[in-house]
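> Need a 3D model of the sequence below.
(2 chains)
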Amino acid sequence: MKFGFALRRLVLTGPGLPAAEVAFTRGLNVIAGPSDSGKSFIAQCIDYALGSGEPPKEIPEVERYTTVILEIESNHDKRIFTLERSIRGGDIRLTTQGEPDRILAAKHQGGKEDTVSQFLLELSGLGSKKVRINKQGTTRPLSFRDIAPLILIDEETVIKETSPVLSGQVIHKTVESGVFRLLLTGTDDSSVIAKEDPKVAKGRKEGKAEVLEVLLQKAREGLADVGEVGSLLDERDRLARLEAALQQAMAERDAEQKNASPLEAKRRGAWQRLRASESKLNVLSELQKRFDLLHEQYASDLRRLEAISEAGVRLDQLKEERCPMCGAQAEHHDNSHRMERLAPADVSQACKAESAKTIRLLQDLQSTRATTAAEVEQLTSERDVLQGEFDAVAAELKTVLEQRVDVAAKKVDDIRARRDACKKALELLERVQELEGLLAEANTPQKRERAEGPASTVSTGQAEPFSKEVESLLREWRYPNLDRVTFSEKDQDVVISGRARRTHGKGVRAIFRAAFNLALLRYCVREERPFPNLVLIDSPLIVYEKPDAGETEFPQDIKKHFWDSVKSSFGDAQVIIIENRRQLPSDGAIGDVNVVLFTGNDQGRRGFIPSPGGSA
Amino acid sequence: MGEVTSEKPLKDVALFNGPVELGLRALCILTAAYPASYSLERLVVFDYLSVHSDDMPGGPAGLHPQTPHRGGEIFVRRGVLQEGLLLYQSRGLIERVYQDGGIFFTATDKSAGFLDALSTEYVTGLRARADWLVDSYGLLDDAELDAVVRERIGTWGAEFTMESVLWEEEAS
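Prediction:
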């Protein structure tokens, strides 16, 4: 067991007086005896030694006793500590082997190490926990005094109608249920951040309400613009349907596009072939133009050669009157520069040769032109075929695109538009709802904002494992007609078989109370929750002592099962039951547990405080 | 394909656009204009227009094909034309006259007879275009004629915009 501690010994001392002493073991301890034998005084002393602000009741027998000494043993390392406190109040001396004595303040002070509270909390594994003290979320460190009511139950509280968790004082409720939640869930309030005081917040909220009104108005106008809009739920439903439809439409469109893509590739191929063919044709037809031009040129050349030749002959026939160079009369001219160029007759001769050559060229050209023309013709028909192919594919593609892809794409666009409209409507609806909520909150200043973090009370759900523990204990005790045990969030108490604990008579309340606290112990042990892991209950079986009307019929065998169960349930943890001797099993079947028996007379041990004559 | 040009060397002599041919064309023009006399500048322009008559709006069909960049021809004929004029002058078919404006050329009383003796289709065509030229532009003075030519010369032979198609396709 990691957490908690067990009581070993309680000693009451006074100068010149015999020590009053009672020893405890792990597991079940029973302190039994008649009234006024000091049983309840023992409980008070223990509580006092553990830091209670209330000294034990002054009874005549203890007048001269001065000191309460409580020996405890840590569950974690089995170290033994002694807590010593004056019965008249004051701080506590802590003694342990191997360490100097320490003085621990009885009063808990948050965060301070040297208090008995902090010391015991450390032993219980609860040293650094925090609890909330109000609904605004202000926190303070946990105190051992917060835990004490859950482990030390005196004979008055055992029959109380209020929840075992609560003291009944309203101002402590937040702390008390917080402590219970901490024990059940292990979650403390460290993370809680304090809210501002409601009074300060009020003014702010009134201003906020105005702004919210304006925003709400705007959102509602926007909603009106959207047109017909259903409820938030309807619109969410519609959005989901539209999203699904959109997905499907997109998939359909993609499929159609995929179907069209081979056709597109085909069209691309046809276009490329057509383009190549046209390009070739362009080249050839341009060539043809040039051939035509060349043909004209040759024809023109031939005509010119003819004319030049003739003119040359005629010119030659004419008698040269003047030198063409110097204009001198022929008869006065020496022919020195006449040889520099050909005579017109030679030109004529050359023209004839040139003509013959040109005619040959012309013939070559004619055959080339014929070839080209044939090629052009072939290419043209080829081009026409390709054009046909291309047109066919293009037409097919157009049909596919128009009839299927475009339709599918249009459907996608259509649904998307409707989806977007729906989304917008939803956004506005959500906004309106949110603003209405905020406005309602702002308009009810008396309603306090909940602090962040865990709720202060323990919910039914949170307490479910604990409720089961109570139920299983009661079942072990054979509580009659037991049905389900649940936890009421409102009462912070158990409801047994559908009936609240507080509505039962005090005897049953006591049994239930015992069940409650023992269940908490067993739960914490099993779940290894930080806990002192000891419980002291004074008079759980009061139902057999002073039954309320209607409780006389209470089955006797519960007692036996109660003891059996408690004896076997807690192992190393410590349970101390203080009870009237009559409630012990008459057959002594309680077995090998530590039973401290007071007789109230001179037979055996009379009571806790030894009679001046010394104990028998 | 062969080179599309009329400037083909034959031995050392230019048959085409040589003195015989250019002189013949000048003779046709001067004969049509007779007895008017023309400057060398006018003869250069008229020589071009006599074979590319279709370069002018409303002109008759050209005697020569519409080769690319033919507009440039007009700048390279002057020298050879002078030689042609000298050749025909030496046969008494063209006369050189000196006037206030400089040197002018005119046909002689033998010119028409000489031309009439020529029977080729080309010469017939030349004479018809010479008549058209003299009728159409004979009254423009040299400066006006020069302006007309400058205005159009850039478009003569610039029809061949598809030239690049051949080059590109051949390169690829």
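> Check which helices and strands the longest helix belonging to chain A sits against.
In chain A, with assignment by DSSP state H, the single longest helix is helix A:232-317. Secondary-structure packing of helix A:232-317 (3 or more CB pairs under 8 Å, 6 or more residues apart in numbering or on different chains; DSSP states H and E): helix A:344-400, helix A:406-443, helix B:19-33, helix B:121-137, helix B:163-171. To be clear about C-beta, it is placed using only N, CA and C from the backbone, and glycine gets the same treatment.
> With respect to burial, which of those scores highest?
Of all those, helix B:19-33 carries the top mean neighbour count, a mean of 27, counting by mean count of other CB atoms under 10 Å in any protein chain shown.
> angle of that one against helix A:344-400?
Computed by axes from the mean of the first three to the mean of the last three CA atoms, to 10 degrees, the angle separating helix B:19-33 from helix A:344-400 equals 90 degrees.
> average pLDDT for helix B:19-33?
For helix B:19-33, the mean per-residue pLDDT is 94.
> got it, and stretch B:146-162?
For stretch B:146-162, mean pLDDT is 77.
> Contacts for that stretch, please.
In this structure, residues lying in contact with stretch B:146-162 by CB atoms under 8 Å, 6 or more residues apart in numbering or on different chains are A:286, A:289, B:41, B:45, B:52, B:55-56, B:66-72, B:74, B:137, B:140.
> now stretch A:10-23
Outside stretch A:10-23, the residues touching it (CB under 8 Å, 6+ apart) are A:8-9, A:24, A:31, A:38, A:42, A:45-46, A:49, A:62, A:64-71, A:87, A:594, A:596, A:608-610, A:614-615.
> Let's see that with 6 Å instead.
A:9, A:45-46, A:64-70, A:596, A:608-610, A:614 (CB atoms under 6 Å, 6 or more residues apart in numbering or on different chains).
> Stretch A:167-186 now?
For stretch A:167-186, contacts defined as CB under 6 Å, 6+ apart pick out A:129, A:131-134, A:146, A:162, A:165-166, A:188-189, A:456-458, A:462, A:466, A:492, A:529.
> again, but for stretch A:573-580
A:6, A:26, A:28-32, A:39, A:521, A:525, A:533-538, A:541, A:545, A:566.
> Over to stretch A:354-372?
A:288, A:291, A:294-295, A:298, A:301-302, A:305, B:10, B:15.
> Filter the contacts of stretch A:10-23 down to the ones in helices?
Using DSSP H, those in helices are A:45-46.
> Now for the contacts of stretch A:10-23: which two are most distant?
Farthest-apart pair in the contacts of stretch A:10-23 is A:46 and A:614; separation 24.1 Å (CB to CB).
> mind listing the helices for chain B?
B:19-33, B:40-51, B:73-76, B:78-90, B:111-117, B:121-137, B:142-152, B:163-171.
> looking at these, which one has the lowest mean pLDDT?
Minimum mean pLDDT among the helices of chain B: helix B:163-171, a mean of 49.
> Now, of the contacts of stretch A:10-23, which are buried?
A:45-46, A:65, A:67-70, A:596, A:608-610 (16 or more other CB atoms under 10 Å in any protein chain shown).
> Give me the local confidence score for residue A:8.
93.
> My error: substitute residue B:14 in the last question.
68.
> again with residue A:273
91.
> What's the local residue count around it?
By the measure other CB atoms under 10 Å in any protein chain shown, the count of residues near residue A:273 is 16.
> Grab the nearest non-local neighbour of it.
Nearest in space to residue A:273, with sequence neighbours left out and distances taken as CB to CB, 6 or more residues apart in numbering or on different chains, is residue A:386 at 5.2 Å.
> mind checking how far that neighbour is from residue A:271?
9 Å (CB to CB, to the nearest Å).
> Equivalent analysis for residue B:51, please.
Taken as CB to CB, the span from residue B:51 to residue A:271 is 46 Å.
> So for these two, which residue has more residues nearby?
residue B:51 (24 against 15).
> Hmm, residue B:65 and the more buried one touching each other?
No. If you go by CB atoms under 6 Å, residue B:51 and residue B:65 don't touch, sitting 9.6 Å apart.
> my guess is residue A:80 meets residue A:73, correct?
Yes. Using CB under 6 Å, residue A:80 is in contact with residue A:73, at 5.2 Å.
> how deep is residue A:293 tucked in, by neighbour count?
For residue A:293, using other CB under 10 Å, the count is 16.
> nearest spatial neighbour of residue A:81, skipping sequence neighbours?
That would be residue A:96: by CB to CB, 6+ apart, it lies 4.7 Å from residue A:81.
> partner residues bridging that neighbour?
Counting by DSSP bridges, residue A:96 is bridged to residue A:81, residue A:99.
> Need the pLDDT of it.
pLDDT at residue A:96 comes out at 88.
> cool, the one 4 residues further on as well?
Here, the pLDDT recorded for residue A:100 equals 86.
> Residue A:91 versus that one, what's the distance?
16 Å.
> And residue A:368, by the same measure?
Separation of residue A:368 from residue A:91 (CB to CB) stands at 130 Å.
> Likewise for residue A:404?
Separation of residue A:404 from residue A:91 (CB to CB): 93 Å.
> swap in residue A:564?
42 Å.
> excluding its backbone neighbours, what's nearest the residue positioned nearest the centre of chain B?
Against the mean C-alpha coordinate of chain B, by CA atoms, centre = their mean, the closest residue is residue B:47 at 1.7 Å. The spatial neighbour of residue B:47 that comes closest, neighbours along the chain excluded (CB to CB, 6+ apart), is residue B:25 at 5.2 Å.
> Give the full set of residues in contact with that neighbour.
Here residue B:25 is in contact with B:47, B:50, B:126 (CB under 6 Å, 6+ apart).
> Show me what counts as buried in stretch B:60-71.
Those buried within stretch B:60-71 under the rule 16+ other CB under 10 Å are B:62-68, B:70-71.
> Among the residues you listed, list the two that are farthest apart in space.
Every pair of the buried residues of stretch B:60-71 checked by CB to CB; the farthest is B:63 and B:68, at 17.4 Å.
> those helices in the stretch 501-616 of chain A, which residues are they?
A:506-527, A:557-569 (DSSP state H, counting those that start in this stretch).
> quick one, the longest one and helix A:557-569 angle?
To tie it back to what came earlier, the one meant is helix A:506-527. 20 degrees.
> For helix A:506-527, which outside residues touch it?
By CB under 6 Å, 6+ apart, helix A:506-527 touches A:153, A:158-159, A:164, A:466, A:469-470, A:473-474, A:501, A:531, A:535, A:537, A:540, A:542-543, A:547-548, A:551, A:569, A:573.
> swap in the last one?
Helix A:557-569 is touched from outside by A:28, A:476-478, A:522, A:575, A:585, A:590, A:593, with contacts defined as CB under 6 Å, 6+ apart.
> Pull out the buried residues from those.
Using 16+ other CB under 10 Å, the buried ones in the contacts of helix A:557-569 are A:28, A:476-477, A:522, A:575, A:590.
> Could you identify the most distant pair in those?
Most distant of the buried ones among the contacts of helix A:557-569, by CB to CB, are A:522 and A:590, 19.0 Å apart.
> So which of the contacts of stretch A:573-580 belong to strands?
A:6, A:28-32, A:534-538 (DSSP state E).
> Least confident of the helices of the stretch 501-616 of chain A, on average?
The bottom spot among the helices of the stretch 501-616 of chain A, by mean pLDDT, belongs to helix A:557-569, with a mean of 85.
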